[in-house]
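> take this sequence and fold it.
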Amino acid sequence: MKISKVRLNQWQLHTLVYVMILIRIKGSMVVPITIIKGAVAKGAVCLDGSPPAYQFDAGFGDGLNNWLVHIQGGGWCNSVEDCQTRTNSQLGSSKNMKSSDIYFTGILSNKQELNPNFYNWNRIAMRYCDGSSFTGDIETVDPVTNLHFRGARVFNMIMEELLGKLGMNNSASNALLSGSSAGGLASIHHCDKFRTFFPTKTRVKCFADAGYFAHVKDLNNDYRFERYYDQIVTLHGSSKNLHPKCISRKNPNLCFYPQYAMPYVKTPVFILQSTYDTFQIQNILASRGADPNGLYTRCRQDINACSSDQIQRLQAFRFAFLEALSVVGKDVSRGWFVNNCFTHGQCEFQAKWLGNFSSKLNHMAIAEAVGDWFYDRSKVQLIDNKNVLPHYCDD
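All right, here's what the predicted structure looks like:
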């Protein structure tokens, strides 16, 4: 129970910093929030039983028939206590959501110079309030806790709203399901389902930012984080919403990992990831459980505080991550942009998505690489094998 508390507190701190950075972004935009009140009758609800929500900014010009559905991140909850804590925040209840929680910037920006490929699309932020990357689905509700594990229903309900009320399926020429962090993981797990909502003539693809959580060993040569995922999958009843071919061959908690799910995903997917993802360094490689003596306490927060031996261990983690990524395959429908930034999440931050100091591979910024891949302008499979040491990118 202590492990889950620590992880939640770390995530709350990350979310606070994330919001503060977005608030300071010049030109960012707040979009009104829509609460789907009718979802309650269908049992498609947040952890506390409140209705789900989304934010919609209409497309314009030649983007009127294009749709980008972006899934908010926010970690997971792996215990009753953990999930109850989330109900006091926007990540577990729409009662605590505000429009200003999410700023439409980066991949959600409506400015051509900041988001050249998707700026005039219909852009939706799917609010995250279930703690399972929209995979949970348990009918029974404990009257003592009043916790609802209905993430999969929430995803379906928001999609039903977009398809019906907003007419997404009738008009779509192009559609992209994107997400960051836990939302990026959700975009992988729901990618093929997203494809089924559209006619075959619609170009449909998926994009995962910082959602490729690797099944790799920690400092103690243990798969400690695997047990955390097992608790999530069990608590939320997620197995029924993971790929059936995967769970027929492996333990369902392993199928929660992208590297075991990706081989079964048929729809084109683009992976945006850092090999030194701060969340994975802090919670998978060098978690407090894996580092009980606190030898990595400073290093996991600041790479400038890492010793040469610790840098070598981080590089070993990079190699293990790239091995986990290799299952994505090299088919032209699969794309990736993999840098070595010490960061977590890049598509929602304007300076990282597209700017004078944004990460570039093969002379392309992230926004340009994703656009070229989506529109089939070129094969985009980029990994930074030159500057392989962890480094800070522009924040």
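> wait, what's in contact with E348?
By Cβ atoms under 8 Å, 6 or more residues apart in numbering, the contact set of E348 is L22, T105, G106, I107, L108, S180, D209. For every residue, glycine as well, the C-beta is placed using N, CA and C.
> just the buried ones from these?
Buried subset of the contacts of E348 (neighbour count, 16 or more other Cβ atoms under 10 Å): L22, T105, G106, I107, L108, S180, D209.
> by mean pLDDT, point me to the weakest helix or strand of this protein.
helix 2-23 (a mean of 41; mean pLDDT, DSSP states H and E).
> just the terminal-to-terminal distance for stretch 38-50.
Criterion Cα to Cα, to the nearest Å; first-to-last residue distance in stretch 38-50 is 11 Å.
> leaving out chain neighbours, which residue sits closest to the most centrally placed residue in the chain?
Closest to where the C-alpha atoms of the chain average out (Cα atoms, centre = their mean) is G184, at 2.3 Å. Closest residue in space to G184, ignoring its immediate chain neighbours: G211 at 2.1 Å, by Cβ to Cβ, 6 or more residues apart in numbering.
> you'd agree the one you found is up against S178?
No - counting by Cβ atoms under 8 Å, S178 is not a contact partner of G211; they are 9.6 Å apart.
> overlap of the contact sets of the two?
Between them, G211 and S178 share the contacting residues G184, S187, judged by Cβ under 8 Å, 6+ apart.
> tell me the contacts of L285?
By Cβ under 8 Å, 6+ apart, the residues touching L285 are V216, D218, L219, R300, R313, L314, F317.
> ignore what I typed, I meant S133.
Taking Cβ under 8 Å, 6+ apart as the test, what S133 contacts is W76, G151, A182, G183, L185, A186, H189, F256.
> quick check, nearest of those residues to L235?
Ranked by distance to L235 (Cβ to Cβ), these are led by W76 at 9.4 Å.
> average pLDDT across the host helix or strand of A186?
Using DSSP states H and E, A186 maps to helix 182-189. Helix 182-189 shows a mean pLDDT of 98.
> need the residues that contact it.
Applying Cβ under 8 Å, 6+ apart, the contact partners of helix 182-189 are 70-76, 126, 128, 133-135, 155, 177-179, 194, 206-213, 241-243, 256, 258, 261-262, 265, 269, 272.
> how far off centre is stretch 320-328?
18 Å (Cα atoms, centre = their mean, to the nearest Å).
> oh sorry, the question was meant for stretch 275-288
For stretch 275-288, the distance to the chain centre is 16 Å (Cα atoms, centre = their mean).
> how long is that stretch end to end?
For stretch 275-288, the end-to-end distance is 20 Å (Cα to Cα).
> so for that stretch, what's the average pLDDT?
On average, stretch 275-288 scores 97.
> now distance to N251 and secondary structure too, for the buried ones among the contacts of E348, in JSON lines please.
Putting the buried ones among the contacts of E348 into JSON lines (distance: Cβ to Cβ, whole Å; DSSP: H, G, I helix; E, B strand; the rest coil) gives the following:
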{"residue": "L22", "distance to N251": "37", "secondary structure": "helix"}
{"residue": "T105", "distance to N251": "39", "secondary structure": "coil"}
{"residue": "G106", "distance to N251": "35", "secondary structure": "helix"}
{"residue": "I107", "distance to N251": "33", "secondary structure": "helix"}
{"residue": "L108", "distance to N251": "36", "secondary structure": "helix"}
{"residue": "S180", "distance to N251": "27", "secondary structure": "strand"}
{"residue": "D209", "distance to N251": "27", "secondary structure": "strand"}
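> would you mind giving these as JSON lines with distance to E368 added?
Formatted as JSON lines, the buried ones among the contacts of E348 follow (distance: Cβ to Cβ, whole Å):
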{"residue": "L22", "distance to E368": "22"}
{"residue": "T105", "distance to E368": "17"}
{"residue": "G106", "distance to E368": "13"}
{"residue": "I107", "distance to E368": "12"}
{"residue": "L108", "distance to E368": "17"}
{"residue": "S180", "distance to E368": "18"}
{"residue": "D209", "distance to E368": "15"}
